[in-house]
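Chemist: I'd like to go over a predicted model; first the sequence, then the structure.
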Amino acid sequence: MLQKLTQKKFSVVESAVKALGDSGDQRARPLLETMLANELFQQKSDKQLVKAVGSRNDHTLYDIFSGEELAKGVSSRQLNRIRVNNKIRSTLRNALARLALSDPDPQVRSEAATNLRNDQAEEILPLLQQALADEKEESVREVLRLSLATLQTKHPDPEIRRQSITLLSGSLDPNVRNLLTELLQKDPSGNWNEPESDIREKIQATLKQIQFWEDIYGGVETLFFGVSLGSVLLLAAIGLAVTFGVMGVINMAHGEMIMLGAYTTYIIQQTLPNLIEYSLLISIPAAFLVAGTVGIILERTVIRLLYGRPLETLLATFGVSLFLQQAVRSIFGPLNQNVVTPSWMQGILEINPLLAITYNRLTIILFVPFVLLTLFVLLKRSHFGLEMRAVTQNRQMASAMGIRTDRVDALTFGLGSGIAGIAGVALSQLTNVGPNLGQSYIIDSFMVVVFGGVGNLWGTVFGAMSLGLANKLLEPFAGAVAAKIIVLVLIILFLQKRPRGMFALRGRFVES
């Protein structure tokens, strides 16, 4: 067959191409692709078929099957081009389609069936029909049926066109919607692209069905992004809920603890460049320790001197936030730093043509319950958690019972700051890592804590998810900025009725 490709008679060459396509031998694919690209030559010296790329007197030769470079600087006088005409090109495309549809890999067969939807050659229909009859994999059969139905919408037989519309009615592929929409239009001469009125009605009903599912999956996608935003807000706010609820401290430097966690991730990736795939797993405890240590130092040196004076605490922690931002600018520079996303968090999970979910956001959504569960176990099952809950409910009584409230305050502040550091690790996969990272989330974090109920973790969960969903549901109608304003106004109105939030803590201290 290879020798026939070198013959001068086009009929002989065409028969060789057909034979190669029918052979099912996948080694023929690079040969036929090279021939279709008009890059197939025969060397005059040894009659070997090669792939030649380059100008007239400077060709580079490659082995057709392995792609290995054979020679450089070869003149066109040393080569004979394998000639093709339009008929042979059509035969080549058909042969490549046959080979792709017989590939052992189901994914390759599925992609080949999808690509053939745009081919208007008459011989493609029987080719797809034969492939459908031979195919055993149900997922590939579904793609073949869809491709066959797509091509049959232009068939001259009205009954076949009716059958094709029925098959297309269950498809969510955007190309199918475009095709059906085109069939309902008129050509320049004023004639319908689909002449039969009953078929046009069927197409309209199919488009309504497709629109219904687009609305459904669009709503699911909006809910996913709302839950994703809520998870981010929850990670950012849960540490603030711990410190604000137990200590009553308005910590304006909380956003900078998030920033420190993000920069910890950056430092670990720079320090361990060969462990990028594990960098986030290493960064989680490291960021908790770094941000937690800074939080304890902040509580011991600044905040402990200002208990009972919330305004002074707010101003002091705001000054600390400016100091930390400037420190980061001096060390790492004012520009954003690049944090690499591990391969297992990259890409998109395509559930269907209308719904796709990014792995990085999905990972964060799944990570949040782990953080919550760990925190709840700490608060409910540990001695420190018991002391912290006692201080939250009645600080004076807890002190009278022998609990060192100053130690609980320091560890609680370290815990809240450490959780903020973990939030920074997660946010490094979603947004830019820069000195102003924390400022983007500090206001939203306070809104979540106040709306859910100060010091109540379940209230924080509810508040974060409510704000995340509300923002994403309003954005398509009002825009991102207006959505935030509307949510803020609604929270203000809500707090007029319930000043202590949705789930207020109970206890003598919190009610005094």
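Modeler: Okay, I see it.
Chemist: and Leu234, how far is that from Ser445?
Modeler: Shown here: Leu234 relative to Ser445, a distance of 9 Å by CB to CB, to the nearest Å. Quick note: C-beta positions are derived from backbone N, CA and C, even for glycine.
Chemist: Kindly report the same for Asn336.
Modeler: From Asn336 to Ser445 the distance is 21 Å (CB to CB).
Chemist: who's more crowded, those two?
Modeler: Ser445 (29 against 15; other CB atoms under 10 Å).
Chemist: ok, that one - contacts?
Modeler: 233, 236-237, 240, 254-255 (CB atoms under 8 Å, 6 or more residues apart in numbering).
Chemist: Then Arg177?
Modeler: Applying CB under 8 Å, 6+ apart to Arg177 gives the contacts 207, 210.
Chemist: doesn't it fall inside a helix?
Modeler: Yes: under DSSP: H, G, I helix; E, B strand; the rest coil, Arg177 falls within a helix.
Chemist: Next one: it relative to Lys208, how far apart?
Modeler: According to CB to CB, Arg177 and Lys208 sit 11 Å apart.
Chemist: for Asn38, same thing?
Modeler: Counting by CB to CB - Asn38 and Lys208 are separated by 47 Å.
Chemist: Looking at the two now, which is surrounded by more residues?
Modeler: In terms of neighbours (other CB under 10 Å), Asn38 is the more surrounded of Asn38 and Lys208; the figures are 12 against 9.
Chemist: so where do the strands sit in the stretch 301-450 of the chain?
Modeler: Listed in chain order, the strands of the stretch 301-450 of the chain (DSSP state E, counting those that start in this stretch) span 348-352, 355-358.
Chemist: Dump those strands to CSV, plus distance to Val408 and mean neighbour count.
Modeler: Formatted as CSV, the strands of the stretch 301-450 of the chain follow (distance: least, CB to CB, whole Å; neighbours: other CB atoms under 10 Å):
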stretch, distance to Val408, mean neighbour count
strand 348-352, 43, 11
strand 355-358, 40, 16
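Chemist: quick revisit: which of the contacts of Ser445 has the most neighbours?
Modeler: That'd be Ala237 among these, by other CB under 10 Å, with 31 neighbours.
Chemist: what's the angle from the helix ranked longest in the chain to strand 348-352?
Modeler: In the chain, taking DSSP state H as the definition, the longest helix is helix 197-247. Using axes from the mean of the first three to the mean of the last three CA atoms, to 10 degrees, the direction of helix 197-247 lies 140 degrees away from that of strand 348-352.
Chemist: Would you mind identifying the next helix or strand past helix 197-247?
Modeler: helix 254-271 (DSSP states H and E).
Chemist: Show me what that following helix packs onto, helices and strands only.
Modeler: For helix 254-271, the packing partners by 3 or more CB pairs under 8 Å, 6 or more residues apart in numbering; DSSP states H and E come out as helix 197-247, helix 279-301, helix 310-332, helix 405-427, helix 439-452.
Chemist: what mean pLDDT would you report for the first one?
Modeler: Along helix 197-247, the predicted confidence averages to a pLDDT of 86.
Chemist: where does the closest residue in space to Leu314 that isn't next to it in sequence land on pLDDT?
Modeler: Nearest residue to Leu314, sequence neighbours excluded (CB to CB, 6 or more residues apart in numbering): Ile250, at 4.6 Å. Here, the pLDDT recorded for Ile250 equals 79.
Chemist: Enumerate every residue touching Ile250.
Modeler: Counted by CB under 8 Å, 6+ apart, Ile250 has contacts 244, 310, 313-314, 317, 446.
Chemist: what's the residue closest to the geometric middle of the chain?
Modeler: Thr358 (2.0 Å; CA atoms, centre = their mean).
Chemist: pretty sure it is touching Ile348, no?
Modeler: Yes: using CB atoms under 8 Å, Thr358 is in contact with Ile348, at 5.6 Å.
Chemist: Which strands and helices lie in contact with the strand or helix carrying Pro126?
Modeler: Using DSSP H and E, Pro126 maps to helix 124-134. When contacts are defined as 3+ CB pairs under 8 Å, 6+ apart, helix 124-134 sits against helix 86-101, helix 106-115, helix 138-152.
Chemist: I'd like to know how many residues surround the closest residue to Asn85 other than its chain neighbours.
Modeler: The shortest distance from Asn85 to any non-neighbouring residue, by CB to CB, 6+ apart, is to Phe10 (5.8 Å). When neighbours are counted by other CB under 10 Å, Phe10 registers 14.
Chemist: How much space separates Phe10 from Ile88?
Modeler: 6 Å.
Chemist: Please apply the same query to Glu196.
Modeler: 37 Å.
Chemist: So for those two, which sits in the more crowded spot?
Modeler: Regarding Glu196 and Ile88, a neighbour count based on other CB under 10 Å identifies Ile88 as having more, with 21 against 14.
Chemist: ok, the more buried one - contacts?
Modeler: Neighbour list for Ile88: 10, 13-14, 17 [criterion: CB under 8 Å, 6+ apart].
Chemist: Most neighbours of all those residues, which one?
Modeler: Tallying neighbours with other CB under 10 Å puts Val17 at the head of the contacts of Ile88, with 28 neighbours.
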